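> give me coordinates for this.
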Amino acid sequence: MKQSKLMDIDPHFSESSYVINRDLFKNHDPGEMSRNTSCPYDPKNGRFEIMVLGETYFVEHPSGVVLNAYGEEFDNYSIKIFILRYLMNANGKEATNEWISFKEFPDGPLYYSNFHKRCIQVFAQIGNEMPEQLKKYMNGLQALPYNKGDLSWQFKVTPGVDIVWILWFGDDEFEAEAQILFDKKLTDVFNIKDLAILGDVLMISLKTFTFSLNSKKN
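Presented below is the predicted three-dimensional model:
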């Protein structure tokens with residue numbers, strides 16, 4: 001298995017959760033999943049192709065094995081679980097363009113402190129310390145300006161999953177602040193644990209990109 005090169009990123013979603021979701025995945029119809037997610041499925045080789053944050057992944061059906069763009073195994077279980085959960089639970093509904101916070105999802109207040117620490121604070125810190133790297137990351141995702149805060153964008157995680165990032169810079173008196181918003185339609189797609197997984201996927205991708213750029217400068 002190809003090992004991650006990320007030294008200080010510790011996704012808290014495990015291989016056992018991945019195995020559980022693979023077992024659930026085999027019971028879902030691939031044609032229906034493809035229609036509900038707009039992710040192409042090739043019945044000849046039994047594979048979905050799905051783009052997540054600009055990266056290509058393949059999902060084998062019925063096994064639920066998630067492979068990277070080179071058709072290889074990899075060890076980021078957060079993104080594997082996110083992909084399987086989305087394929088299984090997407091319903092094909094159109095975006096509402098009504099944006100809500102993590103707290104506004106069912107059970108959101110119960111888990112918000114953890115999400116705030118693992119995702120919102122991390123985003124705020126990276127954006128405040130490395131704004132140019134953040135801008136390059138968003139440009140790579142073809143994100144659209146959202147015109148809120150000091151920096152903000154609307155962007156696509158995967159087909160049917162759009163979110164908004166808003167950043168307010170910190171200064172000598174106040175810490176940087178941030179917000180992550182989700183289209184309200186996702187309340188019918190993701191439970192609160194799925195949303196936490198999505199948060200991990202976002203932060204792993206952002207850290208990987210910005211830290212990589214920063215290391216090249218040093």
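> alpha carbons only for contacts and neighbour counts from here, please
Will do.
> tell me which element V59 falls in.
Here V59, judged by DSSP states H and E, is contained in strand 55-60.
> same deal with W153?
Assigned by DSSP H and E, W153 falls within strand 151-158.
> how about the helix or strand following that strand as CSV, C-alpha atoms only?
Counting by DSSP H and E, the next helix or strand C-terminal to strand 151-158 is strand 161-168. Output of strand 161-168 as CSV, limited to C-alpha atoms (Å, rounded to 0.1, in the frame of the first residue of the first chain):
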residue,chain,number,x,y,z
VAL,A,161,-21.4,18.9,-2.8
ASP,A,162,-20.8,22.7,-2.8
ILE,A,163,-19.6,24.6,0.2
VAL,A,164,-18.5,28.1,1.2
TRP,A,165,-15.3,29.1,3.1
ILE,A,166,-15.1,32.5,4.8
LEU,A,167,-12.0,33.9,6.5
TRP,A,168,-11.5,37.0,8.7
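> elements contacting whatever helix or strand comes next after strand 161-168?
Where DSSP H and E defines the elements, the next helix or strand beyond strand 161-168 is strand 177-183. Packing contacts for strand 177-183, counted by 3 or more Cα pairs under 8 Å, 6 or more residues apart in numbering; DSSP states H and E, involve strand 99-101, helix 121-129, strand 161-168.
> would you mark the buried spots in the second one?
Neighbour-count burial for helix 121-129 flags Q121, V122, F123, A124, Q125, I126, G127, N128 (criterion: 16 or more other Cα atoms under 10 Å).
> coming back round to it: neighbouring strands of the strand holding W153 in the sheet, and parallel or not?
Note on strand 151-158: by DSSP bridges, its sheet partners are strand 144-145 (antiparallel), strand 161-168 (antiparallel).
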